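Enquirer: Based on what follows, work out the 3D shape:
(2 chains)
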Amino acid sequence: MLTPGARAGFDLDRPWQLHPQVSVRPERFGALLYHFGTRRLSFLKSPALLTVVGSLGDAPSARDACRSAGVTEAELPAYAAALATLASSQMIRARVSP
Amino acid sequence: MTQPMVTLPLVEQFQYGLDAPICLTWELTYACNLSCVHCLSSSGRRDPRELTTAECRAVIDELERMQVFYVNIGGGEPTVRPDFWDLVDYATAHHVGVKFSTNGIKIDPAAARRLAASDYVDVQISLDGATAEVNDAVRGPGSYTTALRAMRHLAEAGFRGFKISVVMTRQNVSQLDDFKAIADRFGAQLRLTRLRPSGRGADVWDELHPTAGQQRQLYDWLVACGEQVLTGDSFFHLAAYGEALPGLNLCGAGRVVCLIDPVGDVYACPFAIHDNFLAGNVRGPGGFAAVWRESELFADLRRPQTGGACHSCSAYDSCRGGCMAAKFFTGLPLDGPDPECVKGHGERALSTVASTSAPRPSGDHSHRSRPADPVPVSIGVRPSAGPGLPPDRACDESPLADFSPGPGG
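Expert: Numbering: from 1, shown residues only, chains lettered A, B, ... in the order given. You can find the predicted model right below:
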């Protein structure tokens, strides 16, 4: 499980991307994610989070991806926490070249 | 994830069903080299109406369109289908991952290397005893050796994290640590599932299902292991003890999972091969998608459940009344307690059910003769002495009969 330290450590200001082995299926509640490498299932519990995750790979930073999806400053910590969870389960990973 | 933006708990979202299953079980054939006493699908003989290779490919095409992430392929013994490997390759090439269950009969070194090379295929070797004695009593003579040989081949080919799949019985709950040790030895992951009174399992459930005390032991062991041991959401009825086990903890039948059987019939779940749970056939117009989205049975299952007799129980929110198939095949009402209800309500309900009133499975593909039955006696194997050695006399009771010193002794 995720430690508070890992949550706090999520870097919103660097570029991220969906892991290439992850498949995304949009659903009414958000989306289902399946990682073919780890064989684990995960959930995006809102359509807005799906928009963020879907645009990570093209955005200069996770913060930019959130802003473009209409995430407010007040909502940002919740999204950072969600992204941290996805990073800890390898659903998303840091992008090396911006 | 815990986020403030959630509107409805996921479990409730799933209760109302999804446009496509998350995963599904697909039994490719009823043919099997074994005759396990608890076989869910009463397998043995091939059904002449089995889906052809072309029909199987069409199903995979549909699963790809519906974005079903993976299929759990089983049987019968799926690897005895001559097109098995072709279908696995076809599925993974079409972005449908494959997990398949096997007794290991076809996992030779070449097959193991091929499996180890793919990121999109996972293997589950069935093993129902940590010793040959316990395993073979359920799965048949020689099946323990076959399973362990397959595991060795997979480990030697570098396949890390394949699954060892164990059905928990009265005879093997005491072997939990031994199963874990076997998994660790092969770099595999342990997966425990529940014995269901489905298929031939109905005939042996009374004697093989774990006792109430063993259920508690199993639950405590699973809680201690956490996510290291998989359960396929098998034991959500045990959540009534308190803490939920890892997983979705709900009955996904017709909501997020289903079964396609070898002839293309679609059932609500792999444990419910009975006309009452038959939603349609993939050969019908509209194929699998139409069955999943339009069948009346599945629409019923996706309606809010009342909980019936269980509704007033304090544990209902945890166990949700347990397993539909377990209730059905033990003759219990579907809106009543699970036969293995941890509060003891199932046992009481069972005592009021006549043993003859439980429904029988709709199909039976069991072998007609059972040459592979274990023989309930222990007879030592004659030492491989050279020709000319006389057979032991039947009356020779000397404790040193058969004793021969080792080479050089």
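Enquirer: Isn't residue B:62 up against residue B:287?
Expert: Yes - taking Cβ atoms under 8 Å as the definition, residue B:62 is a contact partner of residue B:287 at 5.4 Å. No exception for glycine: its C-beta is placed from N, CA and C like everyone else's.
Enquirer: any idea whether residue B:166 is helix, strand or coil?
Expert: Look at residue B:166: counting by DSSP: H, G, I helix; E, B strand; the rest coil, its state is strand.
Enquirer: correct me, but it touches residue B:128?
Expert: Yes - judged on Cβ under 8 Å, residue B:166 makes contact with residue B:128 at a distance of 6.0 Å.
Enquirer: Would you mind listing the residues touching both of these two?
Expert: When contacts are counted by Cβ atoms under 8 Å, 6 or more residues apart in numbering or on different chains, residue B:166 and residue B:128 are jointly contacted by residue B:172.
Enquirer: Looking at chain A, which helix is longest?
Expert: When every helix of chain A is counted residue by residue (DSSP state H), the longest turns out to be helix A:76-88.
Enquirer: close to chain B, is the helix or strand following that one?
Expert: Tracing the chain past helix A:76-88, the next element assigned as helix or strand by DSSP states H and E is strand A:92-94. No - shown here: strand A:92-94 not in contact with chain B (Cβ under 8 Å from any Cβ of the partner chain), separated by at least 12.6 Å.
Enquirer: average pLDDT across strand A:92-94?
Expert: Strand A:92-94 shows a mean pLDDT of 96 in the predicted model.
Enquirer: For that strand, name the packing helices and strands.
Expert: For strand A:92-94, the contact count by 3 or more Cβ pairs under 8 Å, 6 or more residues apart in numbering or on different chains; DSSP states H and E identifies strand A:16-18, helix A:76-88 as packing neighbours.
Enquirer: Now the last one: buried residues?
Expert: Of the residues in helix A:76-88, those buried under the neighbour-count criterion (16 or more other Cβ atoms under 10 Å in any protein chain shown) are A:78, A:79, A:80, A:81, A:82, A:83, A:84, A:85, A:86, A:87, A:88.
Enquirer: and these near chain B, which?
Expert: The subset of the buried residues of helix A:76-88 within reach of chain B, by Cβ under 8 Å from any Cβ, is A:78, A:79, A:81, A:82, A:85, A:86.
Enquirer: Burial check on whichever residue of chain B sits closest to chain A, number of neighbours?
Expert: Of chain B, the residue with the smallest distance to chain A, taken as Cβ to the nearest Cβ, is residue B:69 at 3.8 Å. The number of residues packed near residue B:69 is 21, by other Cβ atoms under 10 Å in any protein chain shown.
Enquirer: does it really touch residue A:31, like I thought?
Expert: No - between residue B:69 and residue A:31 no contact is recorded; they are 11.9 Å apart, counting by Cβ under 8 Å.
Enquirer: tell me, what's touching those two both at once?
Expert: With contacts defined as Cβ under 8 Å, 6+ apart, the residues adjacent to both residue B:69 and residue A:31 are residue A:25.
Enquirer: Could you dump the helices and strands packed on strand A:92-94 into a markdown table with mean pLDDT and distance to residue B:117 added?
Expert: Output for those, formatted as a markdown table (pLDDT from 0 to 100; distance: least, Cβ to Cβ, whole Å):
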| stretch | mean pLDDT | distance to residue B:117 |
| --- | --- | --- |
| strand A:16-18 | 97 | 24 |
| helix A:76-88 | 94 | 28 |
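Enquirer: between these, which gets nearest to residue A:54?
Expert: In terms of Cβ to Cβ, the element of those nearest to residue A:54 is strand A:16-18, at 7.8 Å.
Enquirer: What's the mean pLDDT across the helix or strand just after that closest one?
Expert: On the C-terminal side of strand A:16-18, the nearest following helix or strand under DSSP H and E is strand A:22-27. Model confidence over strand A:22-27, given as mean pLDDT, is 94.
Enquirer: cool, and stretch B:144-163?
Expert: Averaged over stretch B:144-163, pLDDT sits at 97.
Enquirer: tell me, what residue is most central in chain A?
Expert: Taking Cα atoms, centre = their mean, the centroid of chain A lies closest to residue A:83, which sits 3.8 Å from it.
Enquirer: before we move on, what SS does residue A:33 have?
Expert: Using three-state DSSP, the three-state assignment for residue A:33 comes out as strand.
Enquirer: I figured it was touching residue A:45, is that so?
Expert: No - counting by Cβ under 8 Å, no contact exists between residue A:33 and residue A:45, whose distance comes to 11.2 Å.
Enquirer: who touches residue A:53 in this structure?
Expert: In this structure, residue A:53 makes contact with A:18, A:24, A:31, A:44, A:83, A:86, A:92, judged by Cβ under 8 Å, 6+ apart.
Enquirer: now residue B:20
Expert: Applying Cβ under 8 Å, 6+ apart to residue B:20 gives the contacts A:25, B:66, B:67, B:68, B:289, B:292.
Enquirer: what's the spacing between it and residue B:52?
Expert: 24 Å (Cβ to Cβ, to the nearest Å).
Enquirer: State the number of residues packed around the residue in chain A that chain B sits nearest to.
Expert: Chain A approaches chain B most closely through residue A:34 (3.8 Å), counting by Cβ to the nearest Cβ. Using other Cβ under 10 Å, residue A:34 has 22 neighbouring residues.
Enquirer: Bridging across strands, which residues link to it?
Expert: residue A:23, residue A:41 (DSSP bridges).
Enquirer: ok, it touching residue A:21?
Expert: No - here residue A:34 does not reach residue A:21: they are 9.2 Å apart, not a contact under Cβ under 8 Å.
Enquirer: what stretches of the stretch 251-400 of chain B score poorly on pLDDT?
Expert: For the stretch 251-400 of chain B, the stretches with pLDDT under 70 are B:355, B:370-400.
Enquirer: let's go with 50 and repeat that
Expert: Applying pLDDT under 50 to the stretch 251-400 of chain B flags the ranges B:371, B:374-376, B:378-400.
Enquirer: Which stretches in it count as strands?
Expert: Listed in chain order, the strands of the stretch 251-400 of chain B (DSSP state E, counting those that start in this stretch) span residues B:259-260, B:265-267, B:278-281.
Enquirer: okay if I get the ones you listed as a markdown table plus distance to chain A and mean neighbour count?
Expert: Conversion of the strands of the stretch 251-400 of chain B to a markdown table gives the following (distance: least, Cβ to the nearest Cβ, whole Å; neighbours: other Cβ atoms under 10 Å in any protein chain shown):
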| stretch | distance to chain A | mean neighbour count |
| --- | --- | --- |
| strand B:259-260 | 19 | 26 |
| strand B:265-267 | 20 | 24 |
| strand B:278-281 | 21 | 20 |
